[in-house]
Every structure is written in C-alpha cells, then in structure tokens.
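**Q** Okay, here's the prediction I keep looking at, along with the sequence it came from:
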2 protein chains.
Amino acid sequence: LKNFVLIVGGGIGTRMGEGIPKQFILLDNKPILFHTIDKFSALADIALVLPPDHFSYWDSLCENYNFQKKVTLIAGGNSRFDSVYQGLCSFAEDGIVAIHDAVRPLVSAKLISELFKQAYKVGNAVPCIPIRDSLRKLNGLNNTAVNRSEYTIIQTPQCFAISEIKKAYEIVQGKDYTDDASIFESAGGKIHLIEGEACNIKITYKEDLFIAKALIDSEKL
Amino acid sequence: LKNFVLIVGGGIGTRMGEGIPKQFILLDNKPILFHTIDKFSALADIALVLPPDHFSYWDSLCENYNFQKKVTLIAGGNSRFDSVYQGLCSFAEDGIVAIHDAVRPLVSAKLISELFKQAYKVGNAVPCIPIRDSLRKLNGLNNTAVNRSEYTIIQTPQCFAISEIKKAYEIVQGKDYTDDASIFESAGGKIHLIEGEACNIKITYKEDLFIAKALIDSEKL
C-alpha cells in the first residue's frame, strides 16, 4: 500500500482580517501552505485541494517563491466535505491517506510518520491532545461544568485507508462535520487516537500567526 | 462594594522542565507573575497566594526586579482548592473578587474591567472562548465525536461576590475541581459567561513560553 497526502486548503480566511485566503498568508517569509507541504516532503503523492479561483494565484506563488515540490492540484467544492471528497476521488489507487489542514504548518515529520505507522496497523490514526483549560457545556442559555479529562482536542493529519474513508464520505451526507474522523465514525468506523502535538496549531485568528512565528523561531534556536 | 484580586500561584511547575515554579520563570526579561500582577495595576487590593516555601524567593525577586506593586502574600494550602480558600479568607470585607491563575500573564485590562462590570450586574462573570479544533469524548477505550459548538473553553479571571464564592467553598468539599466556576456551580450557583480572549493563555508547557513571548512582541509592534 502506498502513502498519500491530501491537503485541504479550501478556507477563504475571512477571520484573519487579511485580503488573501489564510493558507497563502506569509509566515516567516513564505506562504503558510508551503510550510505545510514541506512537512510532507518525505512523501511523493501529495494532492492539494484549492478553490479553482485560487489556481492561478497558487501558480504565481510557486514561481515567485521558487517552490519546487510537485503537488497535484484538485479543484475543491463549496464545502470542506465536497473538497475532501474531490481529493479522495483523485487518487488512482488504494493506499493510506493523511488528510491535513493547509493551515497547520507546524506538524512534525515524526507525528506524520507515527500516524501512517498506526494506520497501517489498525486502519486509521487521529492525533489528539489533552485539554488544559476548564471546559463547560453550553445548553441554550445555560452552561454546566464538564470533566475536561473525559474530552480531547483533535488535530490533523488524520490517516485512513483511502477506500474506507471514501466509502464513509459516500455513506454519510454532507452535514456539519468538522473533521474526517467524525465522518468515518458516522459511517460506522471506530477511531484510533494517538498523541498529537501542542505545537501543531491551526492558524485561525490573526494572533495565531504570531504564535506560529514564535514556534518556528524557537525551533531555530 | 470594593474590587479585590486573588492571584493563585500554587503550582510547582514540574511540567515546564525548569528548576523553578512556573510562575517565577522569566518571560520577556521578568518573572511571569510580575506580568500577571501588572495587568491588575488599576486595582489596589491584590492578594497573592503562594506556598510559604516560596515567600523568601518572592521577596528576593521583588528586590532584584525592583517590583513596587503592593500585594498581600497569603500562605497557600496543599491544593488549588485550599489555596483559593485561604485567599478568600484573607479579605477583611465583602466585595467582588477576580480569581486569576498566576500563569495567565496576557489577560487584558479591558477583559478584567468587563468581568467586574458583569459580576456587579449579575453576581459573577467567567470568560470563555470557542473551541477551534474538533472535539471527542473519551469513554474508556472508546471515543466519540461531539459537537464542538456545544462546548466552550474556560479561562480566568473569574469574578464572584466574595461572600458567595466563599460560601460555595464551604458547602462543596475539595474534590477535583479545575476552576472556581465549577465550585460555585456545585454549590448551586449559575455561571454567567462572557467572551474571553484567545491570547489569554495559561502557561503550562515549555512551548507556551515562546507563544507568550511572541504575543508580547506583537503587542509592542
């Protein structure tokens, strides 16, 4: 079985207060997306899902930053669900795929390798980290304390057998799933968690850019 | 009613990999705890709970860093529960108290002021931020997706009427509560949430120090 990577860069990034989609924003002098793809440099088959409107911008970035890594561009849909499904359909053979958010540029090669290793053993692998703050459940206008140790924060990459995650996408319909683990589970699958990385943050808000830059600088020390 | 502040610095910081308790670790050239206290500079009555073993170290830090802000040192107990209760007992009159983690140095003056304002209106105020990653519930060896929009991450400062939160501490017993909102609620209180701040991080692990430094640098820009 081969290893594949599917990077999902569908976001339009309106929460960042910048004019460009957040995966293209510069981080330490290069677009976030280039950092992300570079983390998968050990892997040959990388599909990148982008809105077709961004294809020419992507091409110009590759040229301007002399970005050499070969990726297969896939036209995304109107939702994350559609975009991932398009990406899954683009793979010509079965294998294990790591599905990863374009805006998580700080994932380590070590975590990626461990995820593939576990997915080969037990069928899938999803990284998680403990919740360090207190947690409450919202019930309409009320809210109640919950035991944070009974919950876990989920990250990407999430690894699955391509045939199985694709089947899951075909069984469930495009409801408001926030990740592939939920979709796989809704189709009857059981999720296998492994320990993720606190540094593997999702760049969502403007201050996350400063945080990501600080983490990159600390790696250089 | 007067405003009071109770800063809880009981942690021994074993997760940081440093020889000293984490509230004393240097951040941007001064101890984390001084940053935290400085954020409450608009308030006169600040009680600081520390393990009595750390009192002399605190004194030497104040001298070495020429730290002038007057705080009342309170000897903490063996748990967060005991430490906060000792702090609450130290206030000579009733009022609204903001109970805050010593290792959240990035809280803004604006959030503090909003918390006091709401606590005066409705009795308490607790800051929360949305969960940006996916969330799963752990059930022994299994785990299941939960809807992250039904949960919220809780921060400090948490504001209460001193008499009421003190009564709550006397009603519930020292179980494994992770914050004061849970204790207040266990004693029958209803928690009022307000919007917190993504930057108001709790310095728990080593990489959090780099993140905090980056956020401080970005404020200077």
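**A** Happy to help now that I have it. Numbers count the residues shown, from 1 in each chain, chains lettered A, B, ... in the order given.
**Q** Pull out the buried positions in stretch A:35-48.
**A** For stretch A:35-48, burial by neighbour count (16 or more other Cβ atoms under 10 Å in any protein chain shown) applies to A:35, A:36, A:37, A:39, A:40, A:43, A:45, A:46, A:47, A:48. The C-beta positions use only the backbone N, C-alpha and C, and glycine is treated the same way.
**Q** Contact partners for the fifth one?
**A** Under the criterion of Cβ atoms under 8 Å, 6 or more residues apart in numbering or on different chains, the contact partners of residue A:40 comprise A:5, A:7, A:46, A:98, A:100, A:112.
**Q** now with 7 Å?
**A** Residue A:40 makes contact with A:5, A:46, A:112, according to Cβ atoms under 7 Å, 6 or more residues apart in numbering or on different chains.
**Q** neighbours of the first one, just the number please.
**A** I take that to be residue A:5. 27 (other Cβ atoms under 10 Å in any protein chain shown).
**Q** how would you label it: helix, strand or coil?
**A** Under DSSP: H, G, I helix; E, B strand; the rest coil, residue A:5 falls in the strand class.
**Q** can I assume residue A:170 sits in a helix?
**A** Yes. Assigned with three-state DSSP, residue A:170 falls within a helix.
**Q** Against residue A:36, how distant is it?
**A** Distance check for residue A:170 against residue A:36: by Cβ to Cβ, to the nearest Å, it reads 27 Å.
**Q** returning to what we had before: which one of the contacts of residue A:40 sits closest to chain B?
**A** residue A:112 (17.6 Å; Cβ to the nearest Cβ).
**Q** Contacts made by the helix or strand hosting the closest one with the rest, please.
**A** Take DSSP states H and E as the rule and residue A:112 turns out to sit in helix A:109-122. For helix A:109-122, the external contacting residues (Cβ under 7 Å, 6+ apart) are A:3, A:39-40, A:42, A:96, A:98, A:125, A:127, A:157, A:159-160, A:192, A:194, A:196-197, A:200.
**Q** Between the residues you listed, identify the one with the most neighbours.
**A** Counting neighbours by other Cβ under 10 Å, residue A:159 leads those with 30 neighbours.
**Q** Look up which residues are beta-bridged to that one.
**A** On the basis of DSSP bridges, residue A:159 is bridged to residue A:98, residue A:125.
**Q** what about whatever helix or strand residue A:209 lives in, near chain B?
**A** Here residue A:209 sits within helix A:206-220, counting by DSSP H and E. Yes. Among the residues of helix A:206-220, A:207, A:210, A:211, A:213, A:214, A:215, A:218 lie within reach of chain B under Cβ under 7 Å from any Cβ of the partner chain.
**Q** count of neighbours near the second one?
**A** Neighbours of residue A:210 under the rule other Cβ under 10 Å: 20.
**Q** sorry, back to before: next one: the helix holding residue A:209 to chain centre, how far?
**A** 18 Å (Cα atoms, centre = their mean, to the nearest Å).
**Q** Going by neighbour count, list what's buried in whichever strand or helix holds residue A:135.
**A** Residue A:135 is part of strand A:134-139, with elements assigned from DSSP H and E. Residues of strand A:134-139 classed as buried: A:134, A:135, A:136, A:138 (neighbour count, 16+ other Cβ under 10 Å).
**Q** do the same with stretch A:170-187
**A** Across stretch A:170-187, burial judged by 16+ other Cβ under 10 Å covers A:172, A:177, A:178, A:179, A:180, A:181, A:182, A:183, A:184, A:185.
**Q** Which strand or helix spans the second one?
**A** Pointing back at residue A:177 there. Following DSSP H and E, there is no helix or strand that holds residue A:177.
**Q** Contacts only, for the closest residue to residue A:26 other than its chain neighbours.
**A** Leaving aside its sequence neighbours, residue A:26 sits nearest to residue A:32 (Cβ to Cβ, 6 or more residues apart in numbering or on different chains; 7.7 Å). Counting by Cβ under 7 Å, 6+ apart, residue A:32 touches A:22, A:23, A:25, A:103, A:105, A:203.
**Q** Give me the pLDDT value at residue A:16.
**A** Residue A:16 carries a pLDDT score of 50 in this model.
**Q** what angle do the strand holding residue A:135 and strand B:134-139 make?
**A** For strand A:134-139 against strand B:134-139, the angle by axes from the mean of the first three to the mean of the last three Cα atoms, to 10 degrees is 100 degrees.
**Q** what about chain A, any weak spots by pLDDT?
**A** Along chain A, the parts satisfying pLDDT under 70 run over A:11-19, A:221.
**Q** what about stretch A:194-202, near chain B?
**A** Yes. Using Cβ under 7 Å from any Cβ, we find that stretch A:194-202 touches chain B at A:198, A:199, A:202.
**Q** CA-only coordinates of that stretch in PDB, if you can.
**A** Below are the C-alpha coordinates for stretch A:194-202, written out as PDB (Å, rounded to 0.1, in the frame of the first residue of the first chain):
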ATOM      1  CA  ILE A 194      -2.600   8.800  19.100                       C
ATOM      2  CA  GLU A 195      -0.900  11.500  20.900                       C
ATOM      3  CA  GLY A 196      -0.700  14.800  18.900                       C
ATOM      4  CA  GLU A 197       1.500  17.900  19.400                       C
ATOM      5  CA  ALA A 198       0.700  21.100  21.300                       C
ATOM      6  CA  CYS A 199       2.600  23.000  18.600                       C
ATOM      7  CA  ASN A 200       0.500  21.600  15.800                       C
ATOM      8  CA  ILE A 201      -1.800  24.600  15.900                       C
ATOM      9  CA  LYS A 202      -4.400  25.500  13.300                       C
END
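**Q** Now tell me what touches that stretch from outside.
**A** Contacts for stretch A:194-202 (Cβ under 7 Å, 6+ apart): A:101, A:103-104, A:106-108, A:111, A:114-115, A:118, A:125, A:127-129, A:155, A:208, A:211-212, A:215, B:132-133, B:205, B:207.
**Q** Which positions in chain A make contact with chain B?
**A** A:128, A:132-138, A:143-145, A:148, A:150-155, A:178-179, A:181-182, A:185, A:191, A:193, A:198-199, A:202, A:204-205, A:207, A:210-211, A:213-215, A:218.
**Q** List the buried residues of the helix holding residue A:209.
**A** A:207, A:208, A:209, A:210, A:211, A:212, A:213, A:214, A:215, A:216, A:218.
**Q** now for those, which pair is the farthest apart?
**A** A:207 and A:218 (16.5 Å; Cβ to Cβ).
**Q** still on that earlier bit, any idea how far the helix holding residue A:112 is from the middle of the chain?
**A** From the chain centre to the centre of helix A:109-122 is a distance of 15 Å (Cα atoms, centre = their mean).
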